[in-house]
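Enquirer: Need the 3D shape of this:
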Amino acid sequence: MNTILCLTSEVKGAAFIRQAKRLGCRVLLLTREKFRDAEWPRESLDDVFFMPSLENVPHVLNAVSYLARGQAIDQIVPLDDFEVETAGFLREHLRLPGPGVSLARHFRDKLAMRTVAAAAGVRVPAFTGVFNHERLRDFMARVPAPWLLKPRAEASAMGIKKLHGPDELWPLLETLGDKQSHYVLEQFLPGDVFHVDGLVWERELRFAAASGYGRPPLDVYQGGGVFYTRVLEWEAPATRELLDFNAQTVRALGAEHGATHAEYIRAHADGQLYFVECAARVGGANIAEAVEFATGVNLWAEWARLEVAALRGEAYAPPEARHGYAAVLNCLARQEWPDLAPYADPEVVWRLHKPYHAGLILATPDAARLQALVEAYSRRFAQDFLAVAPPLETGYEG
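Expert: Down below sits the predicted model:
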């Protein structure tokens, strides 16, 4: 019987855990002490282990190595972005299959993924590592402002600074001190932002769903507002172009098997697609649920099927997917428990139950109907619920 150790610093991945258990695996979970009483699928977990933090990799290495004395671990799977590199480090130390640190960084380190993608001919915004100051001056002289200073290893839009000139960069770097090499400087390209959520098997995408954000996530994260994303028209030429570009990108990054969540921008200036980032995980913000309502494919469960098939040397084929449409909307709410009952159209298939958050998923076979509902609901969310909080600089809380 295979044993899979799941790592996560957030409460997520229940469908992965349940599916791995259904497939006959022993499933272990290592997470943070603060989530000891969270709603984990304990009926599918053979054991759960807690640490104050998963951020200190040497401490996690010692803990997992100690655990391995009494439990033969066959695979380590990070369910959250913050554990992708840690899992790679653990695999290398324990000599387990799957991506090591260098490959894991292609899906975690924003400088690494840009460098690898650009070398393979994938279009990316102009960028430079924050190392040599003379090269930074040269970059700013060649590439028109504004620029984005991005943490290389943060998730989502956390910690990103928009800069309009060199005089804004140098004080920031002075403040960062020894941490400045952990950032990448990139050209800011105004445009429409998209994401593609996929499943990779034997280095090829076997399933992919393309979606478009209502507003760029950076704008929503830093300025507040209603977040929404919807599945795009499946046969539209622009969608096919996006799916082809995503396949090229994922192949260039070296994904072997598993789930991917990649983001792209179609620049207003030239209409071209540019690669933004790619994670080796299932998309957050209830994107996975929206994809399932649209296609019937549960990305978490399929990721578990992929991992188990790879462990056992078995074949894998994704389920047949339908080409439906779904959208997810959410925002911070002024009310502790927002009343979503007035949002009663038959297309509402799911409601978020989380304090000080409002969220729902709409699903329909009609793309035009979905777009009209999303636009109307996002305006209503802004009036009925919307609250704005200062953006976090980091998503990891010890």
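Enquirer: So which bits of stretch 118-136 are buried?
Expert: Applying a neighbour-count criterion of 16 or more other CB atoms under 10 Å, one finds 118, 122-130, 136 buried in stretch 118-136. Using the backbone N, CA and C atoms, a C-beta is placed for each residue, glycine as well.
Enquirer: Averaging pLDDT per element, find the lowest-scoring helix or strand in the chain.
Expert: Least confident element among the helices and strands of the chain, by mean pLDDT, DSSP states H and E: helix 217-223 (a mean of 78).
Enquirer: Quick one: mean pLDDT for the helix or strand just after that helix?
Expert: For helix 217-223, the following helix or strand on the C-terminal side (DSSP states H and E) is strand 227-231. Looking at strand 227-231 alone, the average pLDDT works out to 96.
Enquirer: counting contacts, what elements does the helix or strand encompassing residue 293 pack onto?
Expert: Taking DSSP H and E as the criterion, residue 293 maps to helix 287-295. When contacts are defined as 3 or more CB pairs under 8 Å, 6 or more residues apart in numbering; DSSP states H and E, helix 287-295 sits against strand 191-201, strand 204-213, strand 227-231, helix 299-312, strand 325-332, strand 348-351, strand 357-364.
Enquirer: Output the ones you listed as CSV; include the columns distance to residue 240 and mean neighbour count.
Expert: Shown next, in CSV, are the helices and strands packed on helix 287-295 (distance: least, CB to CB, whole Å; neighbours: other CB atoms under 10 Å):
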stretch, distance to residue 240, mean neighbour count
strand 191-201, 12, 22
strand 204-213, 9, 20
strand 227-231, 14, 25
helix 299-312, 21, 22
strand 325-332, 16, 24
strand 348-351, 27, 15
strand 357-364, 22, 22
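Enquirer: Select, out of the ones you listed, the one closest to residue 93.
Expert: helix 299-312 (18.3 Å; CB to CB).
Enquirer: contact partners of that closest one?
Expert: With contact meaning CB atoms under 8 Å, 6 or more residues apart in numbering, helix 299-312 is reached by 2, 4, 13-20, 23, 25, 74-75, 77, 97-98, 197, 199-201, 207, 257-259, 282-283, 288, 291-292, 314-316, 318-319.
Enquirer: List the ones among those residues that fall in strands.
Expert: 4, 75, 77, 197, 199-201, 207, 258-259 (DSSP state E).
Enquirer: which residues of the chain score low on pLDDT?
Expert: 155-157, 391-398 (pLDDT under 70).
Enquirer: at 90 what do you get?
Expert: Along the chain, segments meeting pLDDT under 90 span 154-159, 215-225, 285, 388-398.
Enquirer: Okay, domains of it per the record?
Expert: Segmentation of the chain into domains, based on automatic domain parsing, reads 3-102, 126-187, 191-384.
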